[in-house]
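>>> Sequence and predicted structure, then a few things I'm wondering about:
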Amino acid sequence: MPSLTRRRSSASPGGVIVHDEEDTSSSEDESLDGEVVVVTGRKGSTRLDEDPRVEVDATVSVKKTKAAPITLSLKKVCKVCKGTGHEAGFRGATYIDCPKKPCFLCKMPGHTTISCPHRAAVENGAVPARDSRGAQTHLDYVFKRQLRAKIPVLKQSFVIPDQVDCGVIKLHSRRVTCLEFHPTKSSILLSGDKKGQLGIWDYGKLHEKTVYGSVHSCILNNMKFNPSNDVMLYTSSSDGTVCYTDIETGIPLILMDLNPNGWNGPASWRMLYGLDVHPEKGLLLVADNFGYLYLVDMRSQNPIGEPLLIHRKGSKVVGLHCNPLQPDILISCGNDHFARIWDVRRLEDGSSLAHLAHGRVVNSAYFSPLSGSKILTTSQDNRIRVWDSIFGNLESPSREIVHSHDFNRHLTPFKAEWDPKDPSESLAVIGRYISENYDGVALHPIDFIDTTTGQLVAEAIQPDITTISPVNKPHPREDILASGSSRSLFIWKPKETADFDEQRKRKSDFVFVRPEKDSKGGMDCDSDDDFVSDPKAKKPKGHKGRKVKPSVSLLL
DNA sequence: AAGTCATGTCGCC
DNA sequence: TGGCGACCCTGACT
């Protein structure tokens, strides 16, 4: 008589799975010529042929012969569409899409990410979308093949900080939401997290880092320095407050609180997003999750005027940016799928100068940093858009670039950032959502895109960083990029300037800092315990099913 | 090492 | 228009 074989599992390869209930005495019988029997059992039912209560899965066939071969024909089920005959998920370090769903990259049906024309192209994911105003002609191809290669490059070559110089693991206890470089002290990076904590890290000295936990009580969405006082920082948060904080003490002054009566449910709780300074007027601009813009007078430190509806009522305003040359010109973007341009001098209901339509939520809209004449937007329809002249035709973007930066509720929204040091105002930096198989490791690079051509200029990867990096900030003056990946921060430099000899000398590429569990007030992370250089220290784990090479640089 | 959980947007009814 | 549930590459922790 065969004994009942049970297996407690929920994802055996190729298996529909059945669980025991209240049974702690599971056992496996290997005498059945390697065949596995998966049975739904109940407490006390130990033998299949004796207990009529045993339920056999529909896909299991049981032969009551002497040898009692019990076979399984378990159908593979796609975790995405629940259909059979295919499976979505990682195969090694390569992700296989569900063929029944639209392409995860360009969102068009009929193909998957692997065969997507936007991915298969040499530009590898970041290529200009087909221009809707003019299909490609034969002349275009002639131009590309025969002429373009002979045109001398007039543009300066980009300097790409694509080598990790140093990093802080877990300075924050929740994912990083925003980054800002100190305006005058070049090696100081400020970071905000989902918990509302404010991190200050001097990456030049590595050890000097502080986390203030009492500035905000939930997501720190944006920060901006006072242009006339580089110790003072403005922050906006989903707790509904704008704070003005001395970064040397971490003591905040609340300039505005939209939830003075506390929590009365989500219908009334206001969250503040976007934050920018109008230096000439001494104005602070912030917006909320119901579509309203607020102005705060920086001198009197008080809100002024009435809130103005700038996006669809009830929809979140995600970002604000004043034009660098004409700060009266403001751009806002929001969940109503629009970016809108305003004149701060005459703000009224419906007075927007232009509205830029997008396929989905607009995560960010920034004027170009030098001339302010271009606009770069990031939308959740997996497209980066560039509008070339804010005084020109804004009905449609002058360029759309397909790029993977989808929405995921567990990730900080991706935002493409201008490189402020690029005199041609064409280089943009943005993290990539979908992974690429890099020598057997699934990694999510940070992409450097030439927005004038849509070409992927460079992609920054580091085998140790297996997490997605949605937050990236190019340094305003130096060839440095800061990125926030989950709870960690990294500093990237160009290969030739990254100081690897120095790193080897100090035997640590990375600095590990334990997050404080329940921080009240400032947290000083400078105790010796915070640093790990032990070769036995925990290695970074790859994601499920992804093959990750052992880390060397982390453990030097 | 499989399970758990945190929790934003969108589409559908 | 509003409430509800599905959800495609998460990541850290148990």
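Arrived safely.

>>> Would you agree A:Thr94 is in contact with A:Asn437?
Yes - look at A:Thr94 against A:Asn437 with CB atoms under 8 Å: they come within range, at 4.6 Å. In short, each C-beta sits where N, CA and C put it, glycine included.

>>> Now list whatever residues contact both of those two.
Common neighbours of A:Thr94 and A:Asn437 (criterion: CB atoms under 8 Å, 6 or more residues apart in numbering): none identified.

>>> What are the boundaries of the strands in the stretch 101-250 of chain A?
In the stretch 101-250 of chain A, strands defined by DSSP state E, counting those that start in this stretch lie at A:127-128, A:163-169, A:176-181, A:188-193, A:198-202, A:208-212, A:220-226, A:229-237, A:241-246, listed in chain order.

>>> what's the span of stretch A:393-412, first residue to last?
Stretch A:393-412 has an end-to-end distance of 32 Å (CA to CA, to the nearest Å).

>>> my bad, should have said stretch A:300-315
End to end - CA to CA - stretch A:300-315 spans 30 Å.

>>> mean confidence score for that stretch?
Per-residue pLDDT values over stretch A:300-315 give a mean of 94.

>>> Same question for stretch A:90-109.
89.

>>> and what of stretch A:156-170?
Confidence over stretch A:156-170 (mean pLDDT, whole number) is 90.

>>> List the buried residues for it?
A:158-170 (16 or more other CB atoms under 10 Å).

>>> now swap in stretch A:197-217 and tell me
Buried-residue list, stretch A:197-217, by 16+ other CB under 10 Å: A:197-201, A:203, A:206, A:209-216.

>>> and it with DNA strand B, contact?
No - Stretch A:197-217 lies out of reach of DNA strand B by CB under 7 Å from any atom of the strand, never closer than 11.6 Å.

>>> Around DNA strand B, pick out the residues from the stretch 401-550 of chain A.
A:Phe407, A:Arg409, A:His410, A:Pro413, A:Lys544.

>>> Report the buried members of these.
Neighbour-count burial (16+ other CB under 10 Å) is assigned, among those, to A:Pro413.

>>> Now go through the residues of the stretch 401-550 of chain A next to DNA strand B and say which are in strands.
With strands taken from DSSP state E, there is no overlap with these.

>>> Of the residues of the stretch 401-550 of chain A next to DNA strand B, which is the nearest to A:Pro463?
A:Lys544 (17.5 Å; CB to CB).

>>> With only the CA atoms kept, save stretch A:261-279 in PDB.
C-alpha atoms of stretch A:261-279 as PDB (Å, rounded to 0.1, in the frame of the first residue of the first chain):
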ATOM      1  CA  ASN A 261      -7.500  69.600  13.500                       C
ATOM      2  CA  GLY A 262      -5.600  66.400  12.900                       C
ATOM      3  CA  TRP A 263      -6.900  63.300  11.200                       C
ATOM      4  CA  ASN A 264     -10.500  63.200  10.200                       C
ATOM      5  CA  GLY A 265     -10.300  60.700   7.400                       C
ATOM      6  CA  PRO A 266      -8.800  60.800   4.000                       C
ATOM      7  CA  ALA A 267     -11.500  63.100   2.500                       C
ATOM      8  CA  SER A 268     -10.200  66.000   4.500                       C
ATOM      9  CA  TRP A 269      -6.600  65.300   5.100                       C
ATOM     10  CA  ARG A 270      -4.400  67.600   2.900                       C
ATOM     11  CA  MET A 271      -1.000  66.600   1.700                       C
ATOM     12  CA  LEU A 272       1.500  69.100   0.300                       C
ATOM     13  CA  TYR A 273       3.500  68.300  -2.900                       C
ATOM     14  CA  GLY A 274       5.700  70.500  -5.000                       C
ATOM     15  CA  LEU A 275       7.700  73.300  -3.600                       C
ATOM     16  CA  ASP A 276       9.500  76.100  -5.200                       C
ATOM     17  CA  VAL A 277      10.900  79.500  -4.300                       C
ATOM     18  CA  HIS A 278      10.200  82.700  -6.300                       C
ATOM     19  CA  PRO A 279      13.300  84.600  -5.200                       C
END
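
>>> What does the pLDDT read for A:His355?
pLDDT, A:His355: 93.

>>> How many residues are close by it?
16 (other CB atoms under 10 Å).

>>> My guess is it contacts A:Arg340. True?
Yes - counting by CB under 8 Å, A:Arg340 is a contact partner of A:His355 at 4.8 Å.

>>> And A:Ser115, what's its pLDDT?
A:Ser115 carries a pLDDT value of 88.

>>> Is there a neighbour count for it? I'd like the number.
The burial count for A:Ser115: 12, using other CB under 10 Å.

>>> Kindly list the main-chain dihedrals of it?
When quoted as degrees, to the nearest 10, the phi and psi of A:Ser115 stand at phi -100, psi 10.

>>> one step back: among the buried residues of stretch A:156-170, which ones lie close to DNA strand C?
With the criterion set as CB under 7 Å from any atom of the strand, the members of the buried residues of stretch A:156-170 near DNA strand C are A:Lys170.

>>> Contact residues of the stretch 1-150 of chain A facing DNA strand C?
Neighbours of DNA strand C within the stretch 1-150 of chain A, by CB under 7 Å from any atom of the strand: A:Lys79, A:Val80, A:Ala88, A:Tyr95, A:Asp97, A:Cys98, A:Lys101, A:Pro102, A:Cys103, A:Phe104, A:Thr113.

>>> Confirm A:Pro260 sits in a strand?
No - read with DSSP: H, G, I helix; E, B strand; the rest coil, A:Pro260 is coil and lies in no strand.

>>> what's across from A:Gly192 in the sheet?
Under DSSP bridges, the beta-bridge partners of A:Gly192 are A:Cys178, A:Leu198.

>>> is it true that it touches A:Arg174?
No - the pair A:Gly192 / A:Arg174 is not scored as a contact, 10.0 Å apart, by CB under 8 Å.

>>> Neighbour count: the two, which is higher?
Legend: neighbour count by other CB under 10 Å for A:Gly192 and A:Arg174, higher for A:Gly192 (30 against 18).

>>> residues contacting that one?
A:Gly192 sits in contact with A:176-179, A:198-199, A:216, A:219-223, A:235, where contact means CB under 8 Å, 6+ apart.

>>> Out of the residues you listed, the closest to A:Lys316 would be?
Distances from A:Lys316 to the contacts of A:Gly192, taken by CB to CB, are shortest for A:Asn221, at 10.4 Å.

>>> how about the residues of chain A near DNA strand C?
Residues of chain A lying close to DNA strand C by CB under 7 Å from any atom of the strand are A:79-80, A:88, A:95, A:97-98, A:101-104, A:113, A:170, A:408-411, A:433-435, A:442, A:444, A:466-468, A:485-488, A:541, A:543.

>>> Can I have the buried ones of those residues as a ChimeraX selection?
The ChimeraX command for the buried members of the residues of chain A next to DNA strand C (criterion: 16+ other CB under 10 Å) is given here:
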select /A:80,88,95,97,98,103,104,113,170,411,433,434,435,442,444,466,467,468,485,486,487,488
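
>>> Just give the nearest non-adjacent residue to A:Ile430, would you?
Leaving out its chain neighbours, the residue that sits closest to A:Ile430 by CB to CB, 6 or more residues apart in numbering is A:Ala416, at 4.1 Å.

>>> I meant to write A:Asp97 there.
That would be A:Thr112: by CB to CB, 6+ apart, it lies 3.6 Å from A:Asp97.

>>> That neighbour: what's it in contact with?
Going by CB under 8 Å, 6+ apart, A:Thr112 touches A:Ile96, A:Asp97, A:Cys98, A:Pro99, A:Cys103, A:Phe104.

>>> Keep only those of the residues you listed that are in helices.
Among these, no residue falls in helices (DSSP state H).

>>> right, and the pair among those with maximum separation?
Farthest-apart pair in the contacts of A:Thr112 is A:Ile96 and A:Cys103; separation 12.7 Å (CB to CB).

>>> Output the contacts of A:Thr112 as TSV; include the columns distance to A:Ser351.
TSV is the format used below for those (distance: CB to CB, whole Å):
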residue	distance to A:Ser351
A:Ile96	50
A:Asp97	44
A:Cys98	45
A:Pro99	48
A:Cys103	39
A:Phe104	39
